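# Show me how the following folds:
(chains A and B)
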2 protein chains.
Amino acid sequence: MADSDQNIIRLAHGGGGSLTNQLIKDLFLRYFDNEYLKKLNDSAILQSSFSQFAFTTDSFVVSPLFFPGGDIGKLSVCGTVNDLCVSGAKPLYLSIGLIIEEGFSIKELERIVKSIKDTAQEAGVLVVTGDTKVVEHGKADGVFINTTGVGAIEKSIPVTGSRAQSGDKVIISGPIGSHGMSVITSRENFGFHSRIKSDVAPLNGLVNTMLEITEEIHVMRDATRGGVATVLNEIADQSGVSIVLDEEKIPVNEDVRGACEILGFDPLYTANEGVLVACVGAEDAEELVKAMQKHPYGKKSSIAGSVKDDSPGRLSLKTTIGSHRVLDMQTGEQLPRIC
Amino acid sequence: MADSDQNIIRLAHGGGGSLTNQLIKDLFLRYFDNEYLKKLNDSAILQSSFSQFAFTTDSFVVSPLFFPGGDIGKLSVCGTVNDLCVSGAKPLYLSIGLIIEEGFSIKELERIVKSIKDTAQEAGVLVVTGDTKVVEHGKADGVFINTTGVGAIEKSIPVTGSRAQSGDKVIISGPIGSHGMSVITSRENFGFHSRIKSDVAPLNGLVNTMLEITEEIHVMRDATRGGVATVLNEIADQSGVSIVLDEEKIPVNEDVRGACEILGFDPLYTANEGVLVACVGAEDAEELVKAMQKHPYGKKSSIAGSVKDDSPGRLSLKTTIGSHRVLDMQTGEQLPRIC
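Reported below is the predicted structural model:
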């Protein structure tokens, strides 16, 4: 075997035989050293101290795999942790399913695995079970990752998409569009030399801060694919309300605003991976935002809109010059593989 | 848009916007109509009536997607259901994560989704959450599926890979190697015209039958990638025992035996998706096998070996002519993408 063959993923690494075992022992167990994973059984056996739990899955196919502020590993943990915590759950356990293209660098794989470990540690979740498949060169694109998560529902606050109420305030937890613009401008074919940093972050700490202030949080959603406008459209639809955003109050970083203008994107429809939107009772909104602003991932939190009962399902934007524009659910092609 | 464009998956089907929603409503909700999935929240919120649960993940990249006896949809449900039930858990909930190649036929996708639904129904599990990503044509190979599952541990029988004991009998639940040979001989480049039917099946019913007979089941494993020999090697290693298989007692169908001979495979190392191996107390083994033989997925069950305490970690085969052959953990390249 040529020396360089030792440094790349081969088909047999996914075959279930000795090379698979070697990869598990030399790489995965080294980073995910917990009592559950190291038993290497077909399933992890876990204690359930909760009467309700949240269960969610996401596959990640982001391209490129590494971008300013993050990589597919960090993204795959944050995506699933965030889906759990915006459902009112405390994220506990993750599974990791890897699909790797033959010939992928083991060094880059290790970088991704380390990133998964670091992010899981920050979020306080354990990677308890996993799976690795390898497909022929040209039949995948580097690495795809599925993360599926289980979280405990501890407080019985029903945070669903259908509980937005007329009079609620809409909170956006941070500058929008950074993740999407970071990934897009990292692509070689864009020839873009800015280094926009993705907002990718685990939001469970921020959500804990929010739930300590008030239980009048009716809806929480992380504004991923399709951006803030798509998620708020879904909420308006599910709750049968209208939502009006105030353009002036929507946090957007200057580098994102500039890149969006040049490249023809709308930050409202651009993906975030560390920004949530919430519909909350008006009386608690100010206090909530103040508390959020003290959290590292909520510094730019803002009350950016309100919920009304006219025109159910409609999302609109009050622009800086005072006109109103309807923000539809996005149709047609979006840039693919943002997450 | 050309008419044919309506019938294929486009990048925007995975973009999180209106085409994604259309796919969810027109396809997924039509087949997976349960109270959890139809809420379309970021996570499914589920009741936990159990104090312990099993959690397992598997990605499926089988090629071809359709083969005699099954397809990637059926396979993805069985693989995860079987990992749960051989861990002593009652499979309850599944997540489905799809990675689809741009241009894939929506009709074929529907065939796969229907197959997932039918198999989940047979196994008594609910698909409660899902995710769809689309990558550019040429960046995946048709469809990859991740299924992650949660199962309730109801009886406290610790069925782990490390509990095989000297004196135990080794049971194999059915003819071996059918899945691997079905997939391999379905590949066009093999030019093979037999129609070997995969054994792919959900085994939770069979496992229930077994647990009704005896609690002296020390190890259960589904013999997937790497086949019976790889799984028994792992068990011998984890339990610190040796295992001797009796070649005469190992169930193999004639078509599989023939194809293996012609193509140079060993059925002992060929993948199964509806066959389990178990190490059980000797006194209950006969009764157990009789009960298993009455189950549709255990008709050819047999006591095919025994556990000893010499040479920890060694698996060997007593051949039909009475000689002994060591069956090593498989090394090097296997045929990829069997599951």
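
# List the contacts of A:Gly240.
Contacts for A:Gly240 (Cβ atoms under 8 Å, 6 or more residues apart in numbering or on different chains) come out as A:Ser162, A:Pro312, A:Gly313. (C-beta placed from N, C-alpha, C; glycine too.)

# Tell me the one of the residues you listed nearest A:Gly258?
Nearest to A:Gly258 out of the contacts of A:Gly240 is A:Gly313 (Cβ to Cβ; 32.6 Å).

# list the contacts for the closest one?
A:Asn233, A:Ala236, A:Asp237, A:Gly240, A:Ser242 are the contacts of A:Gly313 under Cβ under 8 Å, 6+ apart.

# Where strands are concerned, which of those count?
When DSSP state E is applied, the contacts of A:Gly313 are split such that A:Ser242 fall in strands.

# who wins for neighbours among the contacts of A:Gly313?
Neighbour counts for the contacts of A:Gly313, by other Cβ atoms under 10 Å in any protein chain shown, peak at A:Ala236, which reaches 25 neighbours.

# The residue in the stretch 101-250 of chain A positioned nearest to chain B and B:Asp237, how far apart?
In the stretch 101-250 of chain A, the residue found nearest to chain B is A:Arg225; the distance is 2.7 Å by Cβ to the nearest Cβ. Separation of A:Arg225 from B:Asp237 (Cβ to Cβ, to the nearest Å): 43 Å.

# quick revisit: now, which of the contacts of A:Gly240 lie within strands?
Here DSSP E is the test, and these give no hits in strands at all.

# pLDDT at the closest residue to A:Asp222 other than its chain neighbours, what is it?
Residue nearest to A:Asp222 in three dimensions, not counting chain neighbours: A:Asn82, with 4.2 Å by Cβ to Cβ, 6 or more residues apart in numbering or on different chains. As predicted, A:Asn82 sits at a pLDDT of 97.

# likewise the one 3 residues further on?
The score at A:Cys85 is 95. That number is its pLDDT.

# Now for it, how many residues are close by?
That count, for A:Cys85 with other Cβ under 10 Å as the rule, works out to 30.

# List phi and psi for it.
phi -70, psi -30 (degrees, to the nearest 10).

# Using TSV, lay out the contacts of A:Gly240 together with pLDDT.
What follows is these, written out as TSV (pLDDT from 0 to 100):
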residue	pLDDT
A:Ser162	86
A:Pro312	95
A:Gly313	95
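
# got the contact list for the closest residue to A:Arg195 other than its chain neighbours?
The spatial neighbour of A:Arg195 that comes closest, neighbours along the chain excluded (Cβ to Cβ, 6+ apart), is A:Pro68 at 4.8 Å. Contact analysis of A:Pro68 by Cβ under 8 Å, 6+ apart lists A:Ser182, A:Ser186, A:Arg195, A:Ile196, A:Lys197, A:Ser198.

# Pull up the gap between the closest residue to the second one other than its chain neighbours and A:Ile112, please.
Using Cβ to Cβ, 6+ apart and skipping the chain neighbours, the partner closest in space to A:Ser186 is A:Phe67 (4.3 Å). Distance of A:Phe67 to A:Ile112, computed by Cβ to Cβ: 13 Å.

# just A:Gly281 next, same as before
Distance from A:Gly281 to A:Ile112, by Cβ to Cβ: 41 Å.

# Who has more neighbours out of those two?
Between A:Gly281 and A:Ile112, counted using other Cβ under 10 Å, A:Ile112 has the larger neighbour count: 23 against 16.

# The more buried one contacts A:Asp71, correct?
Yes. Using Cβ atoms under 8 Å, A:Ile112 is in contact with A:Asp71, at 6.1 Å.

# So for those two, which residues contact both of them?
A:Leu65.

# Please tell me the pLDDT value assigned to A:Asp310.
pLDDT, read off for A:Asp310, is 92.

# contacting residues for it?
A:Ser242.

# Would you report the backbone torsion angles of it?
phi -80, psi 160.

# excluding its backbone neighbours, what's nearest the residue nearest the centre of chain A?
For chain A, the residue whose C-alpha lies nearest the mean C-alpha position (Cα atoms, centre = their mean) is A:Gly79; its distance is 2.9 Å. The shortest distance from A:Gly79 to any non-neighbouring residue, by Cβ to Cβ, 6+ apart, is to A:Asp58 (4.6 Å).

# helices and strands around the helix or strand hosting that neighbour, which ones?
Using DSSP states H and E, A:Asp58 sits in strand A:52-60. Here strand A:52-60 touches helix A:72-85, strand A:143-153, strand B:44-47, strand B:89-101, strand B:126-135, strand B:143-153, going by 3 or more Cβ pairs under 8 Å, 6 or more residues apart in numbering or on different chains; DSSP states H and E.

# which element follows it toward the C-terminus?
According to DSSP H and E, the helix or strand after strand A:52-60 is strand A:66-67.

# Please name every helix or strand in contact with that following strand.
helix A:178-186.

# any idea how far whichever helix or strand comes after the helix it packs on is from the chain center?
Downstream of helix A:178-186, the first helix or strand assigned by DSSP H and E is helix A:204-213. Distance of helix A:204-213 from the chain centroid (Cα atoms, centre = their mean, to the nearest Å) equals 17 Å.

# same deal with stretch A:203-220?
17 Å.

# With stretch A:316-333 instead?
24 Å.

# quick one: buried residues of it?
A:Ser316, A:Leu317, A:Lys318, A:Leu327, A:Met329, A:Gln330 (16 or more other Cβ atoms under 10 Å in any protein chain shown).

# ok, and which of these reach chain B?
Restricting the buried residues of stretch A:316-333 to those touching chain B (Cβ under 8 Å from any Cβ of the partner chain) yields A:Met329, A:Gln330.

# now, among the buried residues of stretch A:316-333, which is nearest to chain B?
After measuring the buried residues of stretch A:316-333 against chain B - Cβ to the nearest Cβ - the closest member comes out as A:Gln330, at 3.9 Å.

# measure that closest one to B:Asn82 for me?
Distance, A:Gln330 to B:Asn82, by Cβ to Cβ: 40 Å.

# Repeat that for A:Phe28.
22 Å.

# where does chain A have low pLDDT?
A:1-4, A:156-157, A:189-191, A:331-334 (pLDDT under 70).

# Grab the longest helix from it for me.
When chain A is parsed with DSSP state H, its longest helix is helix A:106-123.

# other SSEs contacting that helix?
Counting by 3+ Cβ pairs under 8 Å, 6+ apart, helix A:106-123 packs on helix A:29-31, strand A:70-71, helix A:72-85, strand A:89-101, strand A:126-135, strand A:143-153.

# try it again with 10 Å
Judged by 3 or more Cβ pairs under 10 Å, 6 or more residues apart in numbering or on different chains; DSSP states H and E, helix A:106-123 is in contact with helix A:29-31, strand A:66-67, strand A:70-71, helix A:72-85, strand A:89-101, strand A:126-135, strand A:143-153, helix A:204-213.

# And the contacts of the first one?
Pointing back at helix A:29-31 there. Outside helix A:29-31, the residues within contact range by Cβ atoms under 10 Å, 6 or more residues apart in numbering or on different chains are A:23-24, A:37-38, A:40, A:110, A:113-118, A:120-121, A:127.

# So what's the residue count around the residue nearest to A:Asn272 when sequence neighbours are not counted?
Leaving aside its chain neighbours, A:Asn272 sits nearest to A:Ala223 (4.7 Å; criterion: Cβ to Cβ, 6+ apart). By other Cβ under 10 Å, the residues close to A:Ala223 number 29.

# returning to what we had before: dump the helices and strands packed on helix A:106-123 to a markdown table, plus distance to B:Ala44.
Shown next, in a markdown table, are the helices and strands packed on helix A:106-123 (distance: least, Cβ to Cβ, whole Å):
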| stretch | distance to B:Ala44 |
| --- | --- |
| helix A:29-31 | 28 |
| strand A:66-67 | 30 |
| strand A:70-71 | 27 |
| helix A:72-85 | 10 |
| strand A:89-101 | 10 |
| strand A:126-135 | 18 |
| strand A:143-153 | 10 |
| helix A:204-213 | 18 |
